[in-house]
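Novice: Build me a model:
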Amino acid sequence: MKAFQKFGGIAALYMALAHLTGLIIFIVILDYISITDLAQKVAMNVDNQAVVFSTNLLMYVFFGFFLIVFSLALYNRLKAGAPALMQVATAIGIIWAGSLIASGMVANAALTSVVSLYATGPTQAALTWQGIEPVMDGLGNANGEILGGLMTLLISLAALRTGELPKRLNIFGLVVGAVGIISLVPMLTGTLGPVFGLTQIIWFIWMGIVLLRSNPVKAAATEVLRPA
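Specialist: As a prediction, the model looks like this:
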């Protein structure tokens, strides 16, 4: 049980690092967000094939597998005090993980096809990318972080009920989860999506530190109750 909690903590820290690294690569280094012209977007993917392929693995495919470990570790820790909430939260976490893994796999398969087409027909490559990109975005929750938001919100509610995790972490998780859910509203997606991503990085780091400890909440309570 304790070993599984450690794996959950490591998974949380990996997800924070992978998400942050992916944001830096796509937004800062490749400047992918600011490219609106389809031909330029395809050319960028072709010119940086290895980087894009590796980043998709890092922040989607591997992230998804670590998310499964994280979800199951939290389920084991919180299920006794909030079984129904944690069953739903874990199911949503695993669905989210599958969606992200699929998004990364589709993106890399599309990238390979586009690179092959680009050498002989840049226009055909652009049309292929235009057809596949909405599928990748949909699987990757680019149109609203409903899955990640719901998972974070339900885990935080369950942790508040059980008292197994620090209260401030749980309250922060409620805010992060609510932001993710509200980002589903089309006119708010562009603003709240990045806010959710950045705040969930903090939540993952905080959660990872907590899970790597034995049981900080109960340990603190024992210290308080211990006679001098």
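Novice: got a list of what I171 touches?
Specialist: S156, L160 (C-beta atoms under 8 Å, 6 or more residues apart in numbering). From N, CA and C alone the C-beta is placed, and that goes for glycine too.
Novice: Which secondary structure element is home to it?
Specialist: helix 167-182 (DSSP states H and E).
Novice: Remind me what whichever helix or strand comes after that helix packs against, helices and strands.
Specialist: Following helix 167-182 in sequence order, the next helix or strand is helix 186-212 (DSSP H and E). Helices and strands touching helix 186-212, by 3 or more C-beta pairs under 8 Å, 6 or more residues apart in numbering; DSSP states H and E, are helix 2-23, helix 62-78, helix 146-162, helix 167-182.
Novice: one more time with 6 Å, if that's ok
Specialist: Judged by 3 or more C-beta pairs under 6 Å, 6 or more residues apart in numbering; DSSP states H and E, helix 186-212 is in contact with helix 2-23, helix 167-182.
Novice: still on that earlier bit, the inter-axis angle of the helix holding I171 versus helix 146-162?
Specialist: 150 degrees (axes from the mean of the first three to the mean of the last three C-alpha atoms, to 10 degrees).
Novice: can you tell me how far A125 sits from D137?
Specialist: 18 Å (C-beta to C-beta, to the nearest Å).
Novice: what's the offset of the helix holding I171 from the middle of its chain?
Specialist: Distance of helix 167-182 from the chain centroid (C-alpha atoms, centre = their mean, to the nearest Å) equals 14 Å.
Novice: got the buried residues for that helix?
Specialist: L169, N170, F172, G173, L174, V176, G177, A178, V179, G180, I181, I182 (16 or more other C-beta atoms under 10 Å).
Novice: Now do the same for N56: helix, strand or coil?
Specialist: For N56, the secondary structure call by DSSP: H, G, I helix; E, B strand; the rest coil comes out as helix.
Novice: M105 is in contact with that one, correct?
Specialist: No. N56 lies out of contact with M105 (C-beta atoms under 6 Å); the separation is 8.3 Å.
Novice: Which one's more surrounded, those two?
Specialist: N56 (24 against 17; other C-beta atoms under 10 Å).
Novice: With neighbour numbers in mind, choose between A125 and D137.
Specialist: A125 (23 against 13).
Novice: Let me see the contact set for the more buried one.
Specialist: Listed by C-beta atoms under 6 Å, 6 or more residues apart in numbering, the contact set of A125 reads V42, V114, L117, Y118.
Novice: Take those residues and write them to JSON lines, including distance to L165.
Specialist: Output for those, formatted as JSON lines (distance: C-beta to C-beta, whole Å):
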{"residue": "V42", "distance to L165": "45"}
{"residue": "V114", "distance to L165": "44"}
{"residue": "L117", "distance to L165": "49"}
{"residue": "Y118", "distance to L165": "49"}
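Novice: and of those residues, the nearest to G163?
Specialist: V114 (50.9 Å; C-beta to C-beta).
Novice: which SSE is that closest one in?
Specialist: With DSSP H and E as the criterion, the answer for V114 is helix 83-118.
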